[in-house]
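A.B. asks: predicted coordinates and the sequence they were generated for:
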Amino acid sequence: MNKGRVLNILGKIVLTEVLLMIPSLAVALYYGEGDAKFFLYTMLPAAALGFGLSRVQPQDSRMTSRDGYCIVAYAWILISLIGAVPLYLTGQFASYFQALFEIVSGFTTTGASVLAKPELLPHGVLFWRSFTHWIGGMGVLVFVMMIIPMKNDNSMHLVRAEVPGPIAGKLAPRMKKTSTILYGIYTTMTAVLVILLLLGGVSLFDSLCLSFGAAGTGGFTLSSAGIAGYDSAYVEILLGIFMILFGINFNLYYLILVGRIRDALGSEEARCFLGIIAVATLAIAVNIASLCASLGESLRHAFFQVSSIITTTGFATVDFNLWPEFSKHTLVLLMVIGACAGSTGGGLKISRVIILVKSFLAEIRYIVSPKSVQTVRLEHKYVDKVTLNSTRTYAAAYLMLVALSTLLLSLDGFNLITNLTAVLSCINNIGPGLDLVGPMANFGIYSDWAMVLLSLVMLIGRLEIFPIFMLFSRSVHRK
């Protein structure tokens with residue numbers, strides 16, 4: 001590993017996080033609730049650390065693939081450790097590990113919380129908590145590549161390690177331009193949502209924080225009442241639509257911008273994603289119809305929860321923990337499936353699910369006709385063997401991690417449904433689970449060691465398993 005290069009980039013990432021705390025500091029100063037000092041206590045030491053690391057001059061400026069994976073993994077851990085400090089200093093968290101869980105949940109866009117009453121936090125910290133969703137949604141390293149000069153071959157190693165999905169690609173010849181395009185689309189869509197929420201009577205502060213959550217497909221709300229507290233069909237439907245928009249591969253928006261509308265509309269992944277949402281919404285609406293005053297109300301609740309869960313946002317308007325078993329099982333299935341690759345959503349990703357299903361069918365055809373040549377196609381292109389093998393490996397690793405994490409979590413003494421859905425919620429970066437970690441509950445029931453375990457699970461899910469586990473390989477750290 002090129003340690004000098006890794007430390008240099010990590011220093012620049014820490015300095016970037018310090019800059020990203022400035023808006024939250026400004027909010028804290030505006031409201032004057034005393035939390036501005038919490039940011040200063042964090043930003044000054046962090047700036048010194050970042051400056052020191054960035055002064056490390058590597059003897060070799062080249063970056064290998066393993067360097068890229070290590071930088072991404074270390075960066076997400078480091079920004080989480082630093083970002084948790086302002087939250088802990090508020091005194092609203094029982095331990096630093098709970099504050100760490102909260103901020104990891106923010107950066108990974110999970111939205112799981114240990115707080116029963118988030119409204120007790122001062123406005124500056126509340127803003128930082130929600131802003132981490134927006135930062136983590138598109139990716140911390142993608143933002144860094146937009147503002148820091150970097151060789152194109154080096155930047156691709158970071159993209160492969162951070163961008164979710166089975167295949168990482170570029171929209172433009174240079175990654176800096178690609179990052180700028182992505183953040184341009186991301187920022188514009190977020191701004192539109194903020195304006196539309198303002199038109200719906202939501203305050204500016206709430207509009208910003210809700211938009212950060214919807215854009216990053218996170219799930220932090222500003223009060224214990226959640227989205228239901230706004231008591232507005234307009235807000236619910238608007239957020240539901242935008243959660244879906246942010247759950248679609250951002251490459252499609254680029255294709256629309258450059259005039260390739262037919263290619264964007266022909267996306268197999270997007271059609272499958274929207275089809276699943278439509279079917280799941282109708283099925284759940286029928287299933288919960290007896291619990292609602294009208295068919296329109298059941299459709300509204302079903303649409304919002306389906307949009308929130310499949311995009312791994314985690315907002316909730318009702319306690320779906322009380323819904324019939326069919327609806328709850330459907331939501332858990334949507335947790336696993338997740339959103340599209342190249343979006344801000346989590347989960348297995350629609351493209352992986354398509355590849356796995358087609359690979360399974362191809363295997364059945366091969367067993368029936370051993371001499372036939374079976375291929376798998378996605379988006380009208382053949383899927384190569386490397387991508388097929390990596391997709392299968394990812395699925396196997398995913399299942400093993402869920403099983404092992406659930407087993408370890410059982411040491412805290414809670415029931416299977418609580419532990420299993422807590423792990424699924426964290427590894428898929430969703431937020432609410434079922435039973436004791438349902439949409440109207442929180443994760444504060446777990447011990448400190450469980451907080452660390454679930455924080456690690458969230459990071460593993462956001463970085464898609466391999467970057468975190470590479471840190472435990474001795475050979476990776478050799479020169």
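C.D. replies: Structure's in. What do you need?

A.B. asks: Three-state assignment for the residue lying farthest from the centre of the chain, please.
C.D. replies: Residue farthest from the centre of the chain, counting by Cα atoms, centre = their mean, is residue 371 at 42.9 Å. Following DSSP: H, G, I helix; E, B strand; the rest coil, residue 371 is assigned to coil.

A.B. asks: measure it to residue 360 for me?
C.D. replies: Distance from residue 371 to residue 360, counting by Cβ to Cβ, to the nearest Å: 20 Å. For every residue, glycine as well, the C-beta is placed using N, CA and C.

A.B. asks: name the helices or strands packed onto whichever strand or helix holds residue 178?
C.D. replies: Element membership for residue 178, per DSSP states H and E: helix 175-199. Under the contact definition 3 or more Cβ pairs under 8 Å, 6 or more residues apart in numbering; DSSP states H and E, helix 175-199 sits against helix 123-138, helix 140-147, helix 152-162, helix 204-215, helix 233-246, helix 250-257.

A.B. asks: which among the ones you listed is found nearest to residue 313?
C.D. replies: Smallest distance to residue 313 across the helices and strands packed on helix 175-199 (Cβ to Cβ): 4.9 Å, for helix 233-246.

A.B. asks: would you mind writing the CA trace of that closest one as CSV?
C.D. replies: C-alpha atoms of helix 233-246 as CSV (Å, rounded to 0.1, in the frame of the first residue of the first chain):
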residue,chain,number,x,y,z
ALA,A,233,-51.0,14.7,1.9
TYR,A,234,-49.1,17.1,-0.3
VAL,A,235,-45.9,16.7,1.7
GLU,A,236,-46.2,12.9,1.7
ILE,A,237,-46.9,12.5,-2.0
LEU,A,238,-44.2,15.0,-2.9
LEU,A,239,-41.6,13.2,-0.8
GLY,A,240,-42.8,9.9,-2.1
ILE,A,241,-42.2,11.0,-5.7
PHE,A,242,-38.8,12.5,-5.0
MET,A,243,-37.6,9.5,-3.1
ILE,A,244,-38.3,7.4,-6.2
LEU,A,245,-36.5,10.0,-8.4
PHE,A,246,-33.4,9.8,-6.2
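
A.B. asks: which residue lies nearest the spatial centre of the chain?
C.D. replies: residue 109 (3.6 Å).

A.B. asks: so which bits of the helix holding residue 178 are buried?
C.D. replies: By neighbour count on 16 or more other Cβ atoms under 10 Å, the buried set for helix 175-199 is 175-176, 178-183, 185-186, 189-190, 193-194, 196-197.

A.B. asks: ok, now stretch 324-343?
C.D. replies: Residues of stretch 324-343 classed as buried: 327-328, 330-332, 334-343 (neighbour count, 16+ other Cβ under 10 Å).

A.B. asks: okay, now the nearest residue to residue 28 once chain neighbours are set aside: neighbour count?
C.D. replies: Residue nearest to residue 28 in three dimensions, not counting chain neighbours: residue 124, with 2.6 Å by Cβ to Cβ, 6 or more residues apart in numbering. Around residue 124 there are 27 other residues, counting by other Cβ atoms under 10 Å.

A.B. asks: which pLDDT value goes with residue 124?
C.D. replies: Listed pLDDT for residue 124 reads 96.

A.B. asks: quick one: contacts for it?
C.D. replies: Counting by Cβ atoms under 8 Å, 6 or more residues apart in numbering, residue 124 makes contact with 24-25, 27-29, 31, 33, 35-36, 38-39, 86.

A.B. asks: ok now stretch 442-457, how far from the chain's centre?
C.D. replies: Centroid separation for stretch 442-457 versus its chain: 18 Å, with Cα atoms, centre = their mean, to the nearest Å.

A.B. asks: same check, this time on stretch 106-116
C.D. replies: For stretch 106-116, the distance from its own C-alpha centre to the chain's C-alpha centre is 10 Å (Cα atoms, centre = their mean).

A.B. asks: and if you look at stretch 327-347?
C.D. replies: Per Cα atoms, centre = their mean, the centroid offset for stretch 327-347 relative to its chain is 11 Å.

A.B. asks: alpha carbons of that stretch, as CSV, please.
C.D. replies: Taking Å, rounded to 0.1, in the frame of the first residue of the first chain, the C-alpha atoms of stretch 327-347 are listed here in CSV:
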residue,chain,number,x,y,z
SER,A,327,-47.7,-6.2,4.1
LYS,A,328,-44.8,-6.4,6.6
HIS,A,329,-43.3,-9.3,4.7
THR,A,330,-43.5,-7.3,1.5
LEU,A,331,-41.7,-4.4,3.0
VAL,A,332,-38.9,-6.6,4.3
LEU,A,333,-38.5,-8.0,0.8
LEU,A,334,-38.3,-4.5,-0.6
MET,A,335,-35.6,-3.7,2.1
VAL,A,336,-33.4,-6.4,0.6
ILE,A,337,-34.1,-5.5,-3.1
GLY,A,338,-33.3,-1.8,-2.7
ALA,A,339,-33.0,0.9,-5.3
CYS,A,340,-31.2,1.2,-8.6
ALA,A,341,-27.4,1.1,-9.0
GLY,A,342,-25.8,4.5,-9.4
SER,A,343,-28.5,6.1,-7.2
THR,A,344,-28.3,7.3,-3.6
GLY,A,345,-30.3,4.3,-2.4
GLY,A,346,-29.0,1.1,-0.7
GLY,A,347,-30.0,-2.6,-0.7
